[in-house]
Each structure stands twice: as C-alpha cells, then as structure tokens.
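K.L.:
can't give you the sequence, but here's the structure:
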C-alpha cells in the first residue's frame with residue numbers, strides 16, 4: 001500500500017527536498033502530493049504544513065483530532081504565530097531549516113503507526129496515558145530542537161569571532177617576515193614562521209568547526225583537487241616542529257611521487273597533523289618517527305586493505321595496479337597492547353601507558 005504525504009507549501013525547493021527524503025525512506029512505495037490549498041484529502045497519510053507568518057495556507061479550523069498525522073515546518077521566531085493561528089501548542093513541529101534525519105524519522109514513525117492494527121482490548125485509561133505521553137514527547141522534541149539551534153548559533157558566532165584575531169596574527173607574522181619593519185635574526189625568523197604555521201592550523205580547525213555548526217539540508221561533499229601529498233606532509237611537519245625539537249625526535253620521510261592524487265588538501269593536512277601530534281606525544285626523547293607514502297591497492301568491495309601482489313579487482317578485470325595512496329606513520333613509542341586496539345577507537349577514549357581511560361582524545365598511543 002502506497003504511503004501518501006501531502007505537502008502544503010509554495011516552496012518548490014522544499015517540495016524537492018521532501019520528495020528526496022521520502023524516496024530514501026520508502027522508495028517507490030511512497031507518493032508526495034504538493035498542494036497550495038489547505039484541504040486534507042481522505043487518502044493523505046501524513047500532512048506536512050509549511051508555515052510562513054502572514055500566509056493563510058493553514059486553515060484555522062484544521063481538524064487536529066489525530067495530531068500525529070500533521071507535521072508543521074516553521075522558523076523558530078514564527079512558532080508563537082503558528083500556535084496562535086491554530087489556538088494550541090500541542091503540535092508536531094520541526095524547526096527550519098529542516099534536516100533529512102529529523103524529517104525521515106518523523107515520516108518513518110508515521111508509517112509505523114499507520115501499519116499498527118487496532119487492539120480491541122485497549123482500555124480507555126491506556127489511551128489517555130498514551131496521548132499524554134505523546135504530548136510530553138512532542139514538547140520535549142520541540143525544546144531539544146530549540147536548544148540545538150541555540151547551541152549551533154552560539155558556536156557559529158564564537159568561531160566567527162575567533163577567526164578574526166587568528167587572521168590578524170597570521171598577517172602580522174607575514175608582515176614581520178617580509179622585514180618591512182626591520183631586519184630579523186635567523187632565530188627570530190624561525191620563531192615567527194612557527195607562529196604563522198600555528199595560526200594557520202588554528203584557522204583550519206576553526207573553519208572546520210564553523211562548517212559543522214551550520215545546519216545543512218544536503219550532505220557535504222569534499223572539495224577535491226589535484227595536489228601533492230608530500231607538500232601536505234611537509235606542512236604538517238612544520239606544525240609539529242616545536243614538539244620534534246623539544247624532544248629531539250628524528251623524522252624520516254620517504255614519500256613516492258604523487259602529483260596525480262585527488263584530495264582535499266586542508267582535510268588531509270589536518271589528519272596528518274593529528275597523527276603526527278599524537279606520535280610526538282608518545283615518542284620518547286631522542287626517538288624516531290617514520291613517514292612513508294606509497295601507491296597501494298584497496299579492495300573497494302569489502303573496504304579492506306590487501307597487498308598489491310595478491311590483489312585482484314574482479315569487478316572489471318584482473319589487475320595488480322594500485323588504486324590508492326597510503327601514508328604510514330610509525331613512531332618508536334611503546335605501542336598499544338593488542339587487547340586495547342579496538343577500544344581506543346571509541347569516542348573519548350585514549351590509551352596512556354597501561355591505562356585505558358575516557359578522555360577528550362579520539363585515538364592515541366604509539367603507532
């Protein structure tokens with residue numbers, strides 16, 4: 001049986017977005033009907049109302065006997081107007097901009113409720129309790145959405161303000177390095193270069209966090225470009241120069257030519273910085289870090305790495321050619337016991353010596 005969703009909106013982009021989410025959740029067994037007139041048909045399983053203050057798209061006498069059938073999309077500042085328009089606060093509300101996850105979750109729940117068969121043994125008391133619990137969940141869901149939007153806005157504003165002084169620091173370092181305000185000694189030049197690299201690293205981190213704080217209706221895509229992985233490795237090594245010199249760590253770099261690689265340099269460089277920073281912390285004084293880069297064969301079907309000599313891509317033809325580029329970072333630290341290898345990849349877990357603890361580190365230890 002087809003699952004019919006009626007969308008009441010003038011926004012064509014919203015209609016396209018809802019149609020995509022509906023297809024992802026239910027496939028061909030779903031239908032989205034766009035209407036600009038607030039009239040509910042008997043065949044509508046779910047009604048999605050796009051509320052815009054000042055528009056009379058939603059009739060004031062809308063039948064809300066079954067509130068789970070109606071979903072209202074509204075900007076946070078227009079929520080009081082919607083509640084006043086329908087003279088009730090007990091509404092299923094998704095705050096704009098609506099994400100794919102939340103819309104899909106609501107539609108999936110509505111579909112499950114439609115498939116439930118009525119139970120003649122249910123008592124009136126259970127029905128009342130169920131309805132009360134539903135209203136509590138509706139209000140809790142709305143509060144969580146409001147909190148999430150407030151948090152994202154605060155984070156976005158904070159990161160935006162944080163980037164400005166970093167840009168200024170980087171600019172001043174560049175000005176001093178050009179020696180426009182006077183000559184520098186060799187030691188002063190090295191210190192300014194390290195400050196400039198550190199400012200750039202913080203700028204990249206703040207940019208990444210800023211992008212995560214912005215609500216998106218579409219999945220982000222990497223900005224791929226042709227780049228040289230050796231240049232990214234050199235930049236990452238510059239960012240950890242202070243750690244290397246302080247602990248007198250020797251770094252051996254052996255990277256094969258890679259001019260034809262497609263990747264996002266900023267993201268790869270950040271990942272390399274994280275790995276090298278981790279290696280520096282767990283490498284003993286006068287230790288070594290080996291960085292090796294080379295072409296590699298990756299079995300795409302299983303997501304597992306295999307050796308080039310024994311690998312065969314059976315989907316198209318038999319071949320031993322590499323299809324990826326691998327970077328290995330190995331340090332002379334104590335390493336991680338095999339029993340703890342899987343656990344360190346859990347969120348907020350880290351390994352320090354013989355102790356596995358919950359901290360802010362995603363993964364740490366000698367590699």
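P.N.:
Sure thing, it's come through. If you're wondering where the values come from, they're calculated on a predicted model, not measured in any experiment. Numbers count the residues shown, from 1 in each chain.
K.L.:
where exactly do the helices run in the stretch 251-367 of the chain?
P.N.:
Counting by DSSP state H, counting those that start in this stretch, one finds helices in the stretch 251-367 of the chain at the ranges 265-282.
K.L.:
shaky segments in it?
P.N.:
Using pLDDT under 70 as the threshold, the predicted model of the stretch 251-367 of the chain has low-confidence ranges 259, 299-320, 345-367.
K.L.:
Now do the strands in it.
P.N.:
Using DSSP state E, counting those that start in this stretch, the strands found in the stretch 251-367 of the chain span residues 261-263, 288-296, 298-299, 304-305, 324-331, 349-352, 355-358.
K.L.:
Tell me the strands beside the first one, with direction?
P.N.:
Paired with strand 261-263 in the same sheet, following DSSP bridges, are strand 225-227 (antiparallel).
K.L.:
what does the partner strand rub up against?
P.N.:
Counting by CB atoms under 8 Å, 6 or more residues apart in numbering, the neighbours of strand 225-227 from elsewhere in the structure are 259-265. For glycine as for every other residue, the C-beta is placed from the backbone atoms N, C-alpha and C.
K.L.:
Can you lay out those as JSON lines showing distance to residue 196?
P.N.:
As requested, the contacts of strand 225-227 are exported to JSON lines (distance: CB to CB, whole Å):
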{"residue": "259", "distance to residue 196": "26"}
{"residue": "260", "distance to residue 196": "30"}
{"residue": "261", "distance to residue 196": "26"}
{"residue": "262", "distance to residue 196": "28"}
{"residue": "263", "distance to residue 196": "24"}
{"residue": "264", "distance to residue 196": "22"}
{"residue": "265", "distance to residue 196": "17"}
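K.L.:
right, and out of those, which lies closest to residue 36?
P.N.:
Within the contacts of strand 225-227, the smallest distance to residue 36 is 41.6 Å, found for residue 264 (CB to CB).
K.L.:
so what's that closest one up against?
P.N.:
By CB under 8 Å, 6+ apart, the contact set of residue 264 is 222-225.
K.L.:
which ones are touching residue 108?
P.N.:
With contacts defined as CB under 8 Å, 6+ apart, the neighbours of residue 108 are residue 25.
K.L.:
Please report how far it lies from residue 81.
P.N.:
As for residue 108, its distance to residue 81 is 29 Å (criterion: CB to CB, to the nearest Å).
K.L.:
Kindly report the same for residue 70.
P.N.:
Distance, residue 70 to residue 81, using CB to CB: 17 Å.
K.L.:
Would you map the strands across the stretch 51-200 of the chain?
P.N.:
Taking DSSP E, counting those that start in this stretch to define them, one finds strands in the stretch 51-200 of the chain at 70-74, 93-95.
K.L.:
Run through the stretch 51-200 of the chain and note the low-pLDDT ranges.
P.N.:
Under the criterion of pLDDT under 70, the regions of the stretch 51-200 of the chain flagged as low confidence span 56, 114-136, 138-139.
K.L.:
how about a cut-off of 90?
P.N.:
Across the stretch 51-200 of the chain, the stretches falling below the confidence threshold (pLDDT under 90) are 51-72, 74-200.
K.L.:
need the helices for it, in chain order.
P.N.:
In chain order, the stretch 51-200 of the chain shows helices spanning 79-86, 100-115, 124-177, 186-213, with DSSP H, counting those that start in this stretch as the criterion.
K.L.:
nearest spatial neighbour of residue 231, skipping sequence neighbours?
P.N.:
residue 265 (7.7 Å; CB to CB, 6 or more residues apart in numbering).
K.L.:
what residues are up against that neighbour?
P.N.:
By CB under 8 Å, 6+ apart, the contact list for residue 265 reads 225, 227, 231-232.
K.L.:
For the residues you listed, pick the one with the most neighbours.
P.N.:
Of all those, the highest neighbour tally under other CB atoms under 10 Å goes to residue 232, namely 26 neighbours.
K.L.:
That residue contacts residue 268, doesn't it?
P.N.:
Yes - because the distance of 5.1 Å satisfies CB atoms under 8 Å, residue 232 is recorded as touching residue 268.
K.L.:
Now tabulate the contacts of residue 264 in CSV and tack on pLDDT, secondary structure and distance to residue 280.
P.N.:
CSV is the format used below for the contacts of residue 264 (pLDDT from 0 to 100; DSSP: H, G, I helix; E, B strand; the rest coil; distance: CB to CB, whole Å):
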residue, pLDDT, secondary structure, distance to residue 280
222, 72, coil, 27
223, 80, coil, 29
224, 85, coil, 29
225, 86, strand, 28
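K.L.:
which of the residues you listed sit farthest apart?
P.N.:
Farthest pair in those (CB to CB) is 222 and 225. Separation: 9.5 Å.
K.L.:
how near is the closest residue to residue 298 other than its chain neighbours to residue 293?
P.N.:
Taking CB to CB, 6+ apart as the measure, residue 298 lies nearest to residue 324, with 4.4 Å between them; neighbours along the chain are not counted. Taken as CB to CB, the spacing of residue 324 relative to residue 293 amounts to 11 Å.
K.L.:
Please apply the same query to residue 95.
P.N.:
Residue 95 is 46 Å from residue 293, where distance means CB to CB.
K.L.:
and what of residue 285?
P.N.:
Distance, residue 285 to residue 293, by CB to CB: 26 Å.
K.L.:
between those two, which one's more packed in?
P.N.:
Between residue 285 and residue 293, residue 293 has the larger neighbour count (other CB under 10 Å), namely 21 against 8.
K.L.:
shouldn't that one be in contact with residue 329?
P.N.:
No - in terms of CB under 8 Å, residue 293 does not count as a neighbour of residue 329; the distance is 9.7 Å.
K.L.:
Tell me the bridge partners for residue 294.
P.N.:
With DSSP bridges as the criterion, residue 294 is bridged to residue 326.
K.L.:
That one: how many residues sit nearby?
P.N.:
14.
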